[in-house]
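In: build me a model from this:
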Amino acid sequence: MRRTTMAWGALCAAGVASAQTSAVQSVSGGSSVTLFGIADVAYGYGTGSIASKSQLYSGGNTASRLGFRGVEDLGGGMAAGFWLEAGLNIDDGSTGSTNTNNQSNGSVGGFNFNRRATVSLMDFWGEMRAGRDNTAHYRNRTDVDPFSNNGAGTSQPQAGSIGGPTSTRASNIIAYYLPPDLGGFFGEVQYYFGENGSPSPIENDGTGYSGRVGYAAGPFAIALAAGRTKFARTTSNGDIDSANLGVSWDFKVVKVMGGYYRDKVDKAAELTATGYLIGAVVPVGFDQIKVSWSTYGTDATGDPTARKWAFGYVYNFSKRTAVYATYARVSNSGGSATAVNGSLTDPNRSSSGYDLGMKLSF
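Out: Here you go, the predicted model:
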């Protein structure tokens with residue numbers, strides 16, 4: 001039973017830490033199902049040299065979602081689980097889109113479990129998981145982003161990624177995760193399918209693999225991830241390779257983190273991008289101060305590059321309810337025209353913006 005509980009704990013850890021769960025406590029009873037979610041809405045403002053924008057949007061601190069997860073004890077230390085998680089837009093009540101084949105023509109709207117839809121089998125040897133999930137190389141990006149790829153504070157390697165349709169999630173995944181009791185070592189490997197007909201010039205499009213290996217013990221954590229998604233080579237497309245390294249150290253009074261990112265699209269005119277991130281989260285009682293500096297640029301003509309500072313404060317009323325404020329400023333060079341919160345700016349001009357929002361977890 002101890003192995004069953006640990007395996008389910010690993011399944012939960014792969015999700016969002018802020019989502020509350022009672023399922024782990026009731027595993028010994030045989031089976032359980034948990035409803036969970038986050039409702040996060042923010043007022044966002046951005047200004048640039050061309051146009052400013054005001055908006056109410058969802059997920060300024062944490063992506064809004066609604067989900068169901070469950071586990072069944074199969075006996076002998078084995079457990080089976082499922083996880084269904086849909087993205088929500090609190091500002092207008094809509095849901096997010098998903099992608100059926102990891103390609104640009106595979107987007108599907110309407111209500112769907114676009115964030116995660118998986119089934120798992122767990123035992124002392126680890127976890128086998130199948131369905132739609134975060135790619136391993138994305139998980140490594142967001143783990144060292146103080147703003148967790150949300151809101152105005154999203155790092156430039158996140159906002160400017162040339163990683164294509166699988167830069168965040170992939171569908172049709174078969175994955176294996178190492179067990180959680182390996183002295184701090186962890187890892188995962190994924191293979192996903194584009195599901196095109198064969199023979200065909202694009203039969204491998206949207207097919208790829210991703211992996212991650214790392215070590216986390218005490219205050220220190222480090223992880224390396226890489227992935228490739230295959231596409232037929234054209235003037236506008238080609239195989240996409242992504243690799244990144246993330247490091248963090250929790251000094252209790254401050255948690256510092258950093259990341260290095262490299263993406264490449266092997267099209268007729270090969271395009272490579274590199275990025276860096278340095279960030280920190282400072283606990284202030286039950287609250288948090290967040291700060292990050294990040295940059296991301298490509299080797300296109302002029303070396304267009306965006307550099308971003310972001311500052312944030314999260315005030316926690318309780319474990320489930322918080323309000324927050326974030327300010328960010330982007331500086332562009334080499335022809336880059338990156339802007340904050342939907343505003344527009346001329347190449348090589350700066351842009352700034354802020355978020356004011358509230359989050360509730362359940």
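In: from here on, just use CA atoms for contacts and neighbour counts.
Out: Noted.
In: can you pull out the helices in the stretch 1-150 of the chain?
Out: Assigned by DSSP state H, counting those that start in this stretch, the stretch 1-150 of the chain shows helices spanning 2-13, 136-142.
In: what about the chain, any weak spots by pLDDT?
Out: Under the criterion of pLDDT under 70, the regions of the chain flagged as low confidence span 1-29.
In: need the longest strand for it.
Out: Taking DSSP state E as the assignment, the strand of the chain that covers the most residues is strand 31-47.
In: what packs against that one?
Out: With contacts taken as 3 or more C-alpha pairs under 8 Å, 6 or more residues apart in numbering; DSSP states H and E, strand 31-47 sits against strand 53-58, strand 65-75, strand 351-361.
In: make CSV out of those and add mean neighbour count and distance to G153.
Out: As requested, these are exported to CSV (neighbours: other C-alpha atoms under 10 Å; distance: least, C-alpha to C-alpha, whole Å):
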stretch, mean neighbour count, distance to G153
strand 53-58, 18, 14
strand 65-75, 19, 20
strand 351-361, 23, 8
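In: thinking again about what came up before, buried set for the longest strand of the chain?
Out: When burial is assessed from 16 or more other C-alpha atoms under 10 Å, strand 31-47 yields the following buried residues: 31-33, 35-47.
In: before we move on, what about stretch 211-229?
Out: For stretch 211-229, the neighbour count (16+ other C-alpha under 10 Å) marks 211-216, 220-229 as buried.
In: of all the residues you listed, which two lie farthest apart?
Out: Between all members of these, the longest pairwise span (C-alpha to C-alpha) is found for F220 and T229 and amounts to 30.7 Å.
In: could you measure from the nearest residue to Y138 once chain neighbours are set aside over to V71?
Out: Using C-alpha to C-alpha, 6 or more residues apart in numbering and skipping residues adjacent in sequence, the residue nearest Y138 is T168, 5.2 Å away. To V71, T168 is 26 Å away according to C-alpha to C-alpha, to the nearest Å.
In: next one: T338
Out: Summarising the geometry, the distance separating T338 from V71, computed by C-alpha to C-alpha, is 44 Å.
In: D287 now?
Out: Applying C-alpha to C-alpha, one obtains 33 Å for the distance of D287 from V71.
In: now swap in D263 and tell me
Out: Between D263 and V71 the distance, using C-alpha to C-alpha, works out to 37 Å.
In: can you tell me the SS state at the residue lying closest to L356 once chain neighbours are set aside?
Out: Once flanking residues are discounted, L356 sits nearest to A325: 4.6 Å by C-alpha to C-alpha, 6+ apart. In three-state terms, and counting by DSSP: H, G, I helix; E, B strand; the rest coil, A325 is strand.
In: OK, contacts around A325?
Out: With contacts taken as C-alpha atoms under 8 Å, 6 or more residues apart in numbering, A325 has the following neighbours: G312, Y313, V314, Y354, D355, L356, G357.
In: now for the fourth one: which residues touch it?
Out: Listed by C-alpha under 8 Å, 6+ apart, the contact set of Y354 reads G44, Y45, G46, A152, A325, T326, Y327, A328, N341.
In: how does it look with 10 Å?
Out: When contacts are counted by C-alpha atoms under 10 Å, 6 or more residues apart in numbering, Y354 touches 42-47, 54, 60, 151-153, 310-312, 325-329, 340-341.
In: wait, a strand at Y296?
Out: Yes. Following the definition three-state DSSP, Y296 is counted among the residues of a strand.
In: wait, I289 sits on V256?
Out: No. Using C-alpha atoms under 10 Å, I289 makes no contact with V256, being 11.9 Å away.
In: can you list residues touching both of these two?
Out: In contact with both I289 and V256: P146, A280, V281, V282, using C-alpha under 10 Å, 6+ apart.
In: V314 is in contact with the first one, correct?
Out: So the one you mean is P146. No. Between P146 and V314 no contact is recorded; they are 11.5 Å apart, counting by C-alpha under 10 Å.
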